[in-house]
Each structure stands twice: as C-alpha cells, then as structure tokens.
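Q: A structural model of the following input is requested.
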Amino acid sequence: MIDIQNLRDHRKIDIDKVGVKNIRYPITVLDKANGVQQTVASVNMYVNLPHKFKGTHMSRFVEILNEFRGEINIKKFDNILDEMRKRLTAESAHLEIEFPYFIEKKAPVSRTPSLLEYRCCISGSRQKKKKNDIVLRVEVPVTTVCPCSKEISEFGAHNQRGEVRVSIRFKKFVWIEDIVRLVENSASCDVYSILKRPDEKFVTEKAYQNPMFVEDVVRSLAEKLSNNPEITWFAVEAENFESIHNHSAYAFIERRVGA
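A: Numbers count the residues shown, from 1 in each chain. Okay, the predicted model is just below:
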C-alpha cells in the first residue's frame, strides 16, 4: 500500500510540531504518602516534521504510549521521548501529560479527612544532541484576604479564592506535595474540601490575620523556590478571583535560580 505520509511535499515548509492531542490515558504518579497514585491524564505527543515529508504517522504515537503502559511516569519521560524521536525519525520530540492529583488533607481543627484535587502537568522536550528539558507545573487553590480592605475598613475585609500556578525545572526529583506545601504557606490560608464549624472559624480568622495581595503571594513563593537547591528555574503566577470586582488580580515572576 502507498505510504502517503512519506510522499514529498512541494511547499518546502518545516513543521515545528505535529502529532496527537488530548489522548485520555491511565498513568502512575509517584505519591509521597502512599508510594504511587493511579490517575487519568490528558496526553499530547508531537514531533517535528521536515519539509520534504507530507505528513507524520499518527498511529505510531499511540503505539508508543501503549508500549509504555503501566510505566508512564516522570522517571520514564526520557525513554518515551527518545522512542518518539527514533520511531518517527524526528529531530525533536515533545510530550505533555496533564492530570488531576489528589492529596488527603485533614481539616485544621476537627481533623476531618478529605481529598483535594490539584491540577498538574509534566511536559518534556528532546532535541537532537541536547539534554531533555522537563518542566513540572502544579496548580494550587488558595485563599487570600486583601490587605488594603482590612486597613481601610472599620470592620471586616474582603477575601477571595485564588489559584497559584507554579512551573519548575529541577536537578533532581521534586515531590508534588512539597510544591503544594510551599504554595499554601505563601497564601493567607489553605483551601479544604470539608470544613466543620470550628474549622471554618479557624480558616476565616487565620486568613484575616494574614492578609496578602497577589504580589505578596508570588514574592513569598519566589523567595522559597530560590532557596531550594534542586530547582534551576521557576515561573510563578497568582490569580485572585476577586469577590468585589468582576475581574481578577494577577501577578507573575519568572527566574533562573542563581542567575
């Protein structure tokens, strides 16, 4: 049968990324408390395509994924990227795995346990004659209280739920749980799935006593990340879904550690 993908293309234009997106696939994630955690990811897989070829072989991406079934985790990233380059005769390969990760959190007073979801993404690229570039991203919900509102009001202060997104490059493996804890320690208060009345009182008062702008959140977190010897680069963004405005407040910091 004719291999249409391998036919010549007359336009002579290289394609940077070509492949498959949004493959729903079971993966294994390393869990600090329980060893491993099973979850379901959305997977994107791409390679470059030289100008001389009409198309890539889409089925090979899924074949590679199936061959690593049960071993799709951050420790196997390099192997998967190398196999993509080899099987698709590509100069570069790119892999993105986005997934929900659950951590059990106990309410601060009642100690009622519940699971809280954190959106995570591991993305990696492999270029010919270059080291693999792997980035971990973690999205963490938080609570903040506005310092300005607290300062100018006779009583009370407006508070809101926010989201902090942290992306890091690292020398050695870094636990998702450790990144989550750094973020939650940089906000006015944590977010919980279950709160009894004593818990609600605790988190309300804790947040009120620890007001933070988005600027405070990203600066506090950047300071902590800069002091972590395993991290070589980070990008931090905080977004507050304002309770008294119909817009969000936003702040962003990106740094190479040691630069």
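Q: quick one: the helices in the chain?
A: Here the chain has its helices, by DSSP state H, at 58-67, 77-87, 147-152, 176-184, 197-208, 214-226.
Q: what's the distance between the first one and the middle of its chain?
A: Spelled out, that is helix 58-67. Centre-to-centre, helix 58-67 and its host chain are 24 Å apart (CA atoms, centre = their mean, to the nearest Å).
Q: so where's the protein shaky on pLDDT?
A: Counting by pLDDT under 70, the chain has low-confidence residues at 1-11, 51, 54-56, 259.
Q: which residues are in contact with stretch 62-81?
A: 20, 23, 25-30, 41, 43, 45, 83-84, 87, 93-95, 97, 122, 124-126, 132, 134, 136, 173 (CB atoms under 8 Å, 6 or more residues apart in numbering). Yep, even glycine has a C-beta here, placed from its N, CA and C like the rest.
Q: and if we set it to 10 Å?
A: For stretch 62-81, the surrounding residues in contact (CB atoms under 10 Å, 6 or more residues apart in numbering) are 20, 23, 25-30, 36, 41, 43, 45, 47, 57, 83-84, 86-88, 92-95, 97, 99, 122-127, 131-134, 136, 173-174, 176.
Q: now stretch 111-121
A: The contact list for stretch 111-121 (CB under 10 Å, 6+ apart) reads 29, 39, 41-42, 44, 96-107, 135-141, 163, 165, 167, 176-177, 179-180, 183, 190-196, 199.
Q: restricted to buried residues, select these in PyMOL.
A: Buried residues within those, by 16 or more other CB atoms under 10 Å, are selected in PyMOL with:
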select buried, resi 29+39+41+44+96+97+98+99+101+103+105+107+135+136+137+138+139+140+141+163+165+167+176+177+179+180+183+190+191+192+195+199
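Q: hang on, the earlier thing: mind putting the helices of the chain into CSV with distance to Leu116?
A: Converted to CSV, the helices of the chain look like this (distance: least, CB to CB, whole Å):
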stretch, distance to Leu116
helix 58-67, 28
helix 77-87, 26
helix 147-152, 26
helix 176-184, 9
helix 197-208, 13
helix 214-226, 18
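Q: figure out which of these is closest to His245.
A: Closest to His245 of the helices of the chain, according to CB to CB: helix 147-152, at 11.4 Å.
Q: and the closest one, which residues are buried?
A: Residues of helix 147-152 classed as buried: 147, 150 (neighbour count, 16+ other CB under 10 Å).
Q: how far is that helix from where the chain is centred?
A: Counting by CA atoms, centre = their mean, helix 147-152 is centred 32 Å from the centre of its parent chain.
Q: make 804 the first number, not 1, from now on.
A: With 804 as the first residue, the last one maps to helix 950-955.
Q: one step back: nearest to Ala1038, out of the helices of the chain?
A: Comparing those by CB to CB, helix 1017-1029 comes nearest, at 9.6 Å.
Q: now Leu852: how far from Arg1059?
A: 31 Å (CB to CB, to the nearest Å).
Q: same deal with Lys820?
A: Taken as CB to CB, the span from Lys820 to Arg1059 is 25 Å.
Q: now do Cys923
A: In this structure, Cys923 and Arg1059 are 22 Å apart, going by CB to CB.
Q: more neighbours, the two?
A: A count of neighbours by other CB atoms under 10 Å puts Cys923 above the other of Cys923 and Arg1059, at 21 against 11.
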